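Enquirer: with the sequence up front, the predicted model follows.
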Amino acid sequence: MSHAPLTYWIDQPAHRRWLSRHGQHLLDFGKAARLPDGGFGWLDEAGRLDNACRPQTLVTARMTHTYALAALQGLPGATMLVDHGLRALETMFFDHEAGGWFSEAQEAGASSNKEAYLHAFVALAAASATLAGRAGARELLERACHTIETHFWSDEEGAMRENSDRFWQESEAYRGANSNMHSVEAFLAIADALDEPLWRQRALSIAHRLIHEHAASAGYHVIEHFTDDWQPHKEYNKDTPADAFRPYGVTPGHGLEWSRLLLNLEAALLANGEHAPAWLAEDAVAIFDAATRGWAADGQPGFVYTLDFEARPVVCARMHWVPAEGVLAAAALLARTGDARFEHWYRTWWDYIDLYLIDQEKGSWHHELDAQNRPASGTWSGKPDIYHAYQTTLFPRLPLAPTAARWLGHHPQSHL
């Protein structure tokens, strides 16, 4: 590895200005997703609404969270978009008969199942909007917390159950790392929004099961799929390996995301005078190192989407969110350890993002590239999501704890 750099990028004013400017470009691009009748829609490659896609709860929740972070920075236009998203989450996506949230606006043929993954994002959006002081946000957050506690959280398992039918009669015989990972993210935000440390302890319980137990026993590769009694299901989705949310095998991007979240969790526990076990930081480094095996695994720049359990490429498409999470993990590890090797990765992945992912002509990021780093749409079409990209421009400029919305709300004079 090369000698330690004289100055870290994140300490350079020009780099921080670049992050802020690019973040503003993303926010401007995402405004076109606002639907006149409520919620946020799916944008195509050119940034136009794709009318073939129903209004999505996931996109609406992610946009509401993202614009709440923008509103907390005093960026014009953001507050209106937060309120727009909140109204949709309170009305058109909520199941007023059975409780919980549908995955999309209910029309003929729409799924009525209730998804743990989705509810984590509803809670995240509500928590960020609460910290932004938006009317109705706290009530929405309390409703989301009640739904999670009643139907998804398991004290016995110390983790989240998975999906259910509409009326909560039958749960899916499956446990997933992805929904639990985003629940850790949401639980840290809930703890900050409601001043409820119980949610941090729940996040710690999830991390212990998924990472300190299961991933640690598998060479720190995240096991994504389990039976409902938490037995690894390594053959899950082998016939559909490129699934957008439950791909077969090992997903390097989730290892990177977990690495960052473990450090956020450690910092949050310490900041609130709670015990933070030493394994949080140790596992964060180990899981990061395992995830980097997905970088250029097929000989081309970029992270392959998935590997098998022998670290061989399975799906060689490149997803935009993976190097985004790589940047965030590298920045967090650099802040936590001071080890210059993480600066090397931070620079490497931002260079890759700028060269291949940022659409310099039409805006935002290409959401998927093929194995030769050309825009593709095998798993994702269009550009529906600025959540990952925007956080990549913001989080490196913030401390590891508290969560972004809490910190921004308490430091209005900060020069980001």
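Expert: Here it is on my side, so go on.

Enquirer: what's the longest helix in this protein?
Expert: The residue-count maximum for a helix in the chain (DSSP state H) belongs to helix 252-271.

Enquirer: show the subsequent helix or strand relative to that helix.
Expert: helix 279-291 (DSSP states H and E).

Enquirer: report the mean confidence score over the following helix or strand past that next one.
Expert: Sequence-wise, the next helix or strand downstream of helix 279-291 (DSSP H and E) is strand 306-307. With pLDDT averaged residue by residue, strand 306-307 scores 97.

Enquirer: give me the next element, helix or strand, following strand 306-307.
Expert: With elements assigned by DSSP H and E, the helix or strand that comes after strand 306-307 is strand 313-315.

Enquirer: give me the residues contacting the helix or strand just after that next one.
Expert: Proceeding N to C from strand 313-315, the next assigned helix or strand is strand 318-319, under DSSP H and E. Strand 318-319 has contacts (C-beta atoms under 8 Å, 6 or more residues apart in numbering) with 253, 302-305, 356, 367-371, 373, 379-380. Just so you know, the C-beta spots here come from the backbone N, C-alpha and C atoms, and that holds for glycine as well.

Enquirer: can you give me the buried ones in the longest helix of the chain?
Expert: Across helix 252-271, burial judged by 16 or more other C-beta atoms under 10 Å covers 252-269, 271.

Enquirer: what's the answer for stretch 83-98, then?
Expert: Those buried within stretch 83-98 under the rule 16+ other C-beta under 10 Å are 83, 84, 85, 86, 87, 88, 89, 90, 92, 93, 94.

Enquirer: residues in contact with that stretch?
Expert: Counting by C-beta under 8 Å, 6+ apart, residues outside stretch 83-98 touching it are 34, 38-40, 55, 57, 60-61, 63-64, 67, 100-102, 104-105, 112, 114, 122, 125-126, 129, 134-137, 140, 166-168.

Enquirer: show me where pLDDT drops low in the stretch 101-250 of the chain?
Expert: For the stretch 101-250 of the chain, the stretches with pLDDT under 70 are 108-110.

Enquirer: what segments of it are strands?
Expert: For the stretch 101-250 of the chain, the strands defined by DSSP state E, counting those that start in this stretch cover 153-154, 159-160, 175-176, 225-226.

Enquirer: quick one: the helices in the stretch 1-150 of the chain, in order.
Expert: 13-30, 57-72, 78-90, 116-131, 137-147 (DSSP state H, counting those that start in this stretch).

Enquirer: now distance to residue 385 too, for the ones you listed, in JSON lines please.
Expert: Conversion of the helices of the stretch 1-150 of the chain to JSON lines gives the following (distance: least, C-beta to C-beta, whole Å):
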{"stretch": "helix 13-30", "distance to residue 385": "9"}
{"stretch": "helix 57-72", "distance to residue 385": "6"}
{"stretch": "helix 78-90", "distance to residue 385": "14"}
{"stretch": "helix 116-131", "distance to residue 385": "11"}
{"stretch": "helix 137-147", "distance to residue 385": "20"}
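
Enquirer: for the nearest residue to residue 224 once chain neighbours are set aside, give me its contacts.
Expert: Among residues not flanking residue 224 along the chain, residue 177 sits closest, at 4.7 Å (C-beta to C-beta, 6 or more residues apart in numbering). Shown in contact with residue 177 (C-beta under 8 Å, 6+ apart): 210, 222, 223, 224, 225, 226, 254.
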